[in-house]
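J.: Could you look at this predicted model? Sequence included:
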Protein chains: 2
Amino acid sequence: MSVTDELLANNADYAARFSGPLPLPPAKHVAVLACMDARINVYGVLGLKEGEAHVIRNAGGVVTEDEIRSLAISQRLLGTTEIILIHHTDCGMLTFTDDGFKKSIQEDVGVKPSWAAEAFGDLDDDVRQSIARIKNSPFIPEKDSVRGFVFDVATGKLNEVA
Amino acid sequence: MSVTDELLANNADYAARFSGPLPLPPAKHVAVLACMDARINVYGVLGLKEGEAHVIRNAGGVVTEDEIRSLAISQRLLGTTEIILIHHTDCGMLTFTDDGFKKSIQEDVGVKPSWAAEAFGDLDDDVRQSIARIKNSPFIPEKDSVRGFVFDVATGKLNEVA
């Protein structure tokens, strides 16, 4: 049995306890953008319940064109007004460079990605970079509450980046 | 008090119950790519615990360059081998068109996004499109288990797309 099959069996338990449907727009009008890291259970970390917040995630929790797309849809079509950014300690993005990662891919398959890998060397700096990219986008209308945090994987605590 | 402040208060409760740290690589070697929809609590839906799977999310759960970036990092640097795609019923992406959304932004702020909004008209078709984009990428090495599902927001159940 694959892990996917095992997780599908878990889903049967979830569905048995499920009460729905809930409305489409997020009840708390918040969009969270977090790293994909397995240790960040966003609903748990923020005490969110189903139906309350959009959750956008990627490697690093960085802001690229696709996160601008998701945030634009979240705010313009579904009424969110606050953005919470979450990076975290012990992040994999601190362990490599764009140049090295892309070179390893090129050596392996003969094609070098045309995209940036978005590795970074400092967590707080990259949170500030993510905020700056959002503030700089003409497509995100609500920018009064864009706050960035580093999740501590040892303590479970969010620490705000000034 | 903003909603962000309210969620930070929730985080104090989470941290008080937290036991960590866990290892960086996902214990179940799985990456999940799901829509950002507020009603999809990925950890709940799949019975995942902290540390078990990468979770990538965006508007629609679609595959663009940034999801290829995240999946490449997930597989090449952190050892995941299975991919689970999750779209869902009552998705906001079914309610607009790229042309209409981009025109509304242009009329509002004077700038038309150069990116695709990735709206779609059929859930199952778009899950298959997402699988096709992953299978077609030279940067994703592990493609033997790439399975796509539609989450039913009324029942909590994942239904596999053939």
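T.: Looks like it came in fine. Numbering: from 1, shown residues only, chains lettered A, B, ... in the order given.
J.: so how many other residues sit close to A:Thr97?
T.: A count of nearby residues for A:Thr97, using other Cβ atoms under 10 Å in any protein chain shown, gives 12. Placement of C-beta: from N, CA and C, glycine included.
J.: Show the contacting residues for the residue lying closest to A:Phe120 once chain neighbours are set aside.
T.: Take A:Phe120 and drop its neighbours on the chain: the residue closest to it by Cβ to Cβ, 6 or more residues apart in numbering or on different chains is A:Asp126, 4.0 Å away. With contact set as Cβ atoms under 8 Å, 6 or more residues apart in numbering or on different chains, A:Asp126 has these partners: A:60, A:62, A:87, A:93, A:120.
J.: could you pull out the helices for chain A?
T.: For chain A, helices defined by DSSP state H occupy the ranges A:3-17, A:42-45, A:65-78, A:98-109, A:123-135.
J.: picking that back up, let me know the pLDDT of the residue nearest to A:Phe120.
T.: In this model, A:Asp126 is scored at 98, pLDDT.
J.: Quick check: of the contacts of A:Asp126, which lies closest to A:His54?
T.: Distance to A:His54 across the contacts of A:Asp126 (Cβ to Cβ) is lowest for A:Val62, with 16.8 Å.
J.: give me phi/psi at the closest one?
T.: phi -80, psi 170 (degrees, to the nearest 10).
J.: circling back to that earlier point, a markdown table for the contacts of A:Asp126, including neighbour count?
T.: What follows is these, written out as a markdown table (neighbours: other Cβ atoms under 10 Å in any protein chain shown):
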| residue | neighbour count |
| --- | --- |
| A:Gly60 | 27 |
| A:Val62 | 26 |
| A:His87 | 27 |
| A:Met93 | 22 |
| A:Phe120 | 19 |
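J.: Hmm, A:Gly61 is touching A:Ile86, no?
T.: Yes. Contact status for A:Gly61 versus A:Ile86: in contact at 5.7 Å, counting by Cβ atoms under 8 Å.
J.: Which one's more surrounded, those two?
T.: Using other Cβ under 10 Å, the more surrounded residue of A:Gly61 and A:Ile86 is A:Gly61, with 30 against 24.
J.: Skipping its backbone neighbours, what lies nearest that one in space?
T.: A:Cys35 (3.8 Å).
J.: Bridged to that neighbour, which residues?
T.: Listed beta-bridge partners, A:Cys35: A:Asn58 (assigned using DSSP bridges).
J.: Tell me how far it lies from A:Leu94.
T.: According to Cβ to Cβ, to the nearest Å, A:Cys35 and A:Leu94 sit 11 Å apart.
J.: Comparing these two, which residue is more hemmed in?
T.: A:Cys35 (26 against 15).
J.: Look up how far A:Ser104 lies from the more buried one.
T.: Separation of A:Cys35 from A:Ser104 (Cβ to Cβ): 21 Å.
J.: Same question for A:Ala119.
T.: A:Ala119 sits 12 Å away from A:Ser104, going by Cβ to Cβ.
J.: Which one of these two is surrounded by more residues?
T.: A side-by-side neighbour count of A:Ala119 and A:Ser104, using other Cβ under 10 Å, places A:Ala119 first with 23 against 14.
J.: Kindly provide the distance from the more buried one to chain B.
T.: Using Cβ to the nearest Cβ, to the nearest Å, one gets 9 Å for the distance from A:Ala119 to chain B.
J.: Do I have it right that that residue meets A:Lys102?
T.: No. Between A:Ala119 and A:Lys102 there is no contact under Cβ under 8 Å: 9.9 Å.
J.: Mind checking which of the contacts of A:Asp126 land in strands?
T.: Here DSSP state E is the test, and the contacts of A:Asp126 give A:His87 as lying in strands.
J.: just the contacts of A:Asp126 now: which is nearest B:His54?
T.: Taking these together and measuring to B:His54 by Cβ to Cβ, the closest member is A:Gly60, at 11.6 Å.
J.: coming back round to it: turn the helices of chain A into CSV, columns for distance to A:Gly156.
T.: Compiled in CSV, these are given as follows (distance: least, Cβ to Cβ, whole Å):
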stretch, distance to A:Gly156
helix A:3-17, 23
helix A:42-45, 7
helix A:65-78, 24
helix A:98-109, 29
helix A:123-135, 16
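J.: what sits against A:Asp95?
T.: Slight slip there: residue A:95 is Thr, not Asp. By Cβ under 8 Å, 6+ apart, A:Thr95 lies in contact with B:Leu77.
J.: What pLDDT is listed against it?
T.: Confidence score, pLDDT, at A:Thr95: 97.
J.: A:Lys103 too?
T.: Predicted confidence (pLDDT) for A:Lys103: 98.
J.: How about it: what's its closest non-neighbour residue?
T.: That would be A:Lys112: by Cβ to Cβ, 6+ apart, it lies 7.5 Å from A:Lys103.
J.: again with A:Ala154
T.: In space, A:Ala154 is closest to B:Pro21, 4.4 Å off (Cβ to Cβ, 6+ apart).
J.: and that neighbour, what does it touch?
T.: A:39, A:90, A:153-154.
J.: taking those one by one, which sit in strands?
T.: Per DSSP E, those never map to strands.
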